[in-house]
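Novice: Show me the folded form of this:
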Amino acid sequence: GDQTLPPRDESSDSEFEVEESGVEPEVEEAGVELEVEEAGDEPEVEGADVELEAEEPDGAPNATIGTGSEKAVCCGLAPWALRRDLEALRRHEMIREAESETSRTEVALLGSEAKIRKMEREILHHDLSSVEETLGKVVERLKVLESEENATLRKKLAEKEVLLDLTRMERDRAEK
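Specialist: Residues are numbered from 1 along each chain as shown. From the prediction side, this is the model:
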């Protein structure tokens with residue numbers, strides 16, 4: 001029977017899937033290679049009769065691989081479908097790699113931003129602690145000056161009070 005699958009809409013495909021039991025594509029990173037194994041197949045021997053029929057997707061028969069009188073449809077897909085799916089796999093892999101690189105870049109950027117914020121906090125804390133220290137010194141100096149000024153003012157006040165007392169005594173003596 002005809003097992004050729006119709007062309008699929010690649011925009012909705014996220015993964016290449018094969019629904020044949022016992023048949024799985026294997027994709028290797030160093031050059032994509034498709035390996036197909038079917039239960040009951042024996043390895044091809046030299047001189048085996050291998051036929052390949054392939055026509056384009058306009059309703060033509062499947063590509064078939066046969067050893068002797070036994071023929072198997074390769075993954076249930078025509079060569080053009082295999083090529084299309086392989087190209088889709090490559091595109092998806094390129095997209096995943098780009099997304100992965102973007103994610104790594106975003107993580108590095110977030111790390112850099114966090115380091116910058118930490119440095120800004122440290123600088124601000126350092127600046128504020130310096131200002132706080134300076135203000136503390138100014139307050140202490142003002143207290144000293146105030147107490148010195150108060151002592152000076154008290155001394156002047158005491159002198160004025162003594163002078164006032166002397167002036168009153170002289171006035172009282174002059175009136176007698």
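Novice: Now do stretch 148-164, average pLDDT.
Specialist: Stretch 148-164 shows a mean pLDDT of 90 in the predicted model.
Novice: next one: stretch 100-109
Specialist: Per-residue scores along stretch 100-109 average to 92.
Novice: For that stretch, give me every contacting residue.
Specialist: Applying Cβ atoms under 8 Å, 6 or more residues apart in numbering, stretch 100-109 turns out to have no external contacts. All C-beta spots, glycine's among them, are computed from the backbone N, C-alpha and C.
Novice: Pull the number of nearby residues for residue 81.
Specialist: Other residues within reach of residue 81 by the criterion other Cβ atoms under 10 Å amount to 20.
Novice: Next: residue 79.
Specialist: Neighbour tally, residue 79, other Cβ under 10 Å: 16.
Novice: I'd like to know how far it sits from residue 85.
Specialist: Here the criterion is Cβ to Cβ, to the nearest Å. By it, residue 79 lies 11 Å from residue 85.
Novice: Same check on residue 161?
Specialist: Distance, residue 161 to residue 85, using Cβ to Cβ: 110 Å.
Novice: Compare those two (neighbour count), which wins?
Specialist: Between residue 161 and residue 85, counted using other Cβ under 10 Å, the more crowded position is residue 85 (22 against 10).
Novice: In which helix or strand does that one reside?
Specialist: helix 79-175 (DSSP states H and E).
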